[in-house]
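Asks: no sequence on this one, just coordinates:
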């Protein structure tokens, strides 16, 4: 017999196999020897009171042999001889999971990726972090695995409408991720482990007859009779296919420009923009766990903040316990910061984006103020606004991707920081007045939100924390429209926009689900 049970345990009990067996037997009023094993279905930490509890849901095996957790039986076919070809532009999570789904459905995927494979990307990231030298096609945003590969590998999502979250997590486990991502409330692989998983996916795609080409950038789209006749890469190769899945990510500005020049419909899309805030991890632990944190049974604490200021949400984004702030720029003279954590989350600092919901009307008013009214009617308005802020941040840092920064309380109170605390951001930080970097409506709302947070969490509001500009790649500033049922572009019937860059996802899991969903539709249409 198998029985599903939910109960709460102390952190040390939740990690102790005999203790869990004891509580299963106690709940069922049976002898412990009758419990042959269990699988954890769900696990979460409740730190709202002085006593910290771990909530567990388990599937217990009673009076029958325990069976290890079964993996899903994914049927990847040999597609070498398939006469159906789908070109996938971009090897991020949307592109990779789309390719794997197409292989399951017997269709040959051909991936072209502007950047390098995961191993080669490391050298370009090292040059960016240590020397301030950027490769515009190989960086934290571009390259195999997409932006998430070297910026954390968080796997939780609020959206279940695009597909099966569990299936995506099972695929990650199939390719080498730890099984705990199947039941943790906030699953996380870690930047140190995700590249190996991406490499395993890459190998499977090639073994099944799919094709992957790196350093291969989309340069042109040739249209004929309302469809793509072929695409042209930067090295003048022309590629034909039955369908083209566009999964280029939220930072592919050249692709947005190309589509606009080709008069392929795109739309300006709201996104969020702000800063990255870093505290000592020990401080966040003491805030969240309400104890003097020195507990081997609890992970480094995270947080989630939300405020409303003058009709706009101000919220924490991509929180990284035990993490590092990283330069996420994709070109010279622009400064973008993001965060990541290793799998153990054992660095001494906690960082998170703190960003402001930014609507089209906010940006239109910004362009009115700067006397650039022609931007108001452009589908690239939000992107150009984003570029403006990043350019100001780069200039304020003085170059080489050094980031302008202030102490947190100083930032909220308009005080120039004469000194800065130690920061994990490797290119370095320099003191600056962020009021001169951020647009007024962003700066004001961030300040007001921090003052509200100070009333609720006084310890968070401290000059031990640093505010670093600018967190601006939270999502795509452009949406590429597509049919609600069949997912093709309304003007171009064999073009299928997909993932974060098209405005239909927000993170690894949602992008992967969108890739699978679009791939399945393409397969149904072209078969």
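Replies: Done, it's in. The model shown is predicted, which means the values in this text are computed figures rather than measured ones.
Asks: Low-confidence bits of this structure, can you list those?
Replies: 151-153, 156-163, 291-294 (pLDDT under 70).
Asks: redo that, cut-off 90
Replies: Flagging of the chain using pLDDT under 90 yields the residue ranges 48-51, 68-73, 147-164, 185-193, 290-297, 342-346, 368-377, 506, 527.
Asks: For it, just list every one of the helices.
Replies: With helices called from DSSP state H, the chain shows them at 11-14, 17-28, 93-104, 118-131, 165-174, 194-207, 253-261, 281-289, 360-369, 381-397, 408-412, 440-456, 508-526.
Asks: Same list (those) but as TSV, adding mean neighbour count and distance to residue 39.
Replies: Yep, even glycine has a C-beta here, placed from its N, CA and C like the rest. Below are the helices of the chain laid out as TSV (neighbours: other Cβ atoms under 10 Å; distance: least, Cβ to Cβ, whole Å):
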stretch	mean neighbour count	distance to residue 39
helix 11-14	17	14
helix 17-28	16	11
helix 93-104	29	25
helix 118-131	16	31
helix 165-174	19	13
helix 194-207	18	22
helix 253-261	18	43
helix 281-289	20	27
helix 360-369	17	47
helix 381-397	22	44
helix 408-412	22	43
helix 440-456	18	38
helix 508-526	24	21
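Asks: The ones you listed into CSV, with extra columns for distance to residue 308?
Replies: Putting the helices of the chain into CSV (distance: least, Cβ to Cβ, whole Å) gives the following:
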stretch, distance to residue 308
helix 11-14, 34
helix 17-28, 41
helix 93-104, 31
helix 118-131, 36
helix 165-174, 28
helix 194-207, 34
helix 253-261, 30
helix 281-289, 22
helix 360-369, 15
helix 381-397, 21
helix 408-412, 17
helix 440-456, 9
helix 508-526, 24
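Asks: Those helices: which one's closest to residue 45?
Replies: Across these, residue 45 has its closest neighbour in helix 11-14 (7.5 Å, Cβ to Cβ).
Asks: my read: residue 480 touches residue 500, true?
Replies: No: at 11.0 Å, residue 480 does not count as touching residue 500 under the criterion of Cβ atoms under 8 Å.
Asks: returning to what we had before: just tell me which of the helices of the chain ends up closest to residue 470.
Replies: The closest of these to residue 470 is helix 381-397. By Cβ to Cβ, the value is 4.4 Å.
Asks: What lies in contact with that closest one?
Replies: Residues from elsewhere that reach helix 381-397 (Cβ atoms under 8 Å, 6 or more residues apart in numbering): 253, 256, 268-271, 273, 329, 333-336, 358, 360, 363-364, 366-367, 375, 378, 401, 403-404, 429-430, 432, 434, 436-439, 442, 469-470, 472-473, 477-478.
Asks: out of those, which are buried?
Replies: Among the contacts of helix 381-397, the ones that count as buried by 16 or more other Cβ atoms under 10 Å are 253, 256, 268-271, 273, 329, 334-336, 358, 363-364, 366-367, 375, 401, 403-404, 429, 432, 434, 437-439, 442, 469-470, 472-473, 477-478.
Asks: Hmm, residue 37 is touching residue 61, no?
Replies: Yes: the criterion here is Cβ under 8 Å, and residue 37 meets it with residue 61 at 4.9 Å.
Asks: For residue 491, which non-adjacent residue is spatially closest?
Replies: Once flanking residues are discounted, residue 491 sits nearest to residue 265: 5.6 Å by Cβ to Cβ, 6 or more residues apart in numbering.
Asks: Please report phi then psi for the one you found.
Replies: Here is the backbone geometry of residue 265 (degrees, to the nearest 10): phi -60, psi 130.
Asks: List the contacts of it.
Replies: Counting by Cβ under 8 Å, 6+ apart, residue 265 makes contact with 259, 379, 480-481, 489-491.
Asks: Kindly reformat those as JSON lines containing distance to residue 462.
Replies: Output for the contacts of residue 265, formatted as JSON lines (distance: Cβ to Cβ, whole Å):
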{"residue": "259", "distance to residue 462": "45"}
{"residue": "379", "distance to residue 462": "42"}
{"residue": "480", "distance to residue 462": "42"}
{"residue": "481", "distance to residue 462": "45"}
{"residue": "489", "distance to residue 462": "49"}
{"residue": "490", "distance to residue 462": "51"}
{"residue": "491", "distance to residue 462": "52"}
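Asks: For residue 189, state which of those residues is nearest.
Replies: Looking across the contacts of residue 265 and measuring by Cβ to Cβ, the closest to residue 189 is residue 480, at 28.2 Å.
Asks: Next, find the distance separating that closest one from residue 269.
Replies: Distance from residue 480 to residue 269, counting by Cβ to Cβ, to the nearest Å: 9 Å.
Asks: got any residues that touch both of those two?
Replies: residue 503.
Asks: isn't residue 134 right up against residue 332?
Replies: Yes: under the criterion of Cβ under 8 Å, residue 134 makes contact with residue 332 at 6.3 Å.
Asks: Neighbour count: the two, which is higher?
Replies: Remark: of residue 134 and residue 332, residue 134 carries more neighbours, 22 against 12, as counted by other Cβ atoms under 10 Å.
Asks: ok, the residue lying closest to residue 170 once chain neighbours are set aside - contacts?
Replies: Nearest residue to residue 170, sequence neighbours excluded (Cβ to Cβ, 6+ apart): residue 72, at 4.5 Å. Neighbour list for residue 72: 167, 170-171, 174 [criterion: Cβ under 8 Å, 6+ apart].
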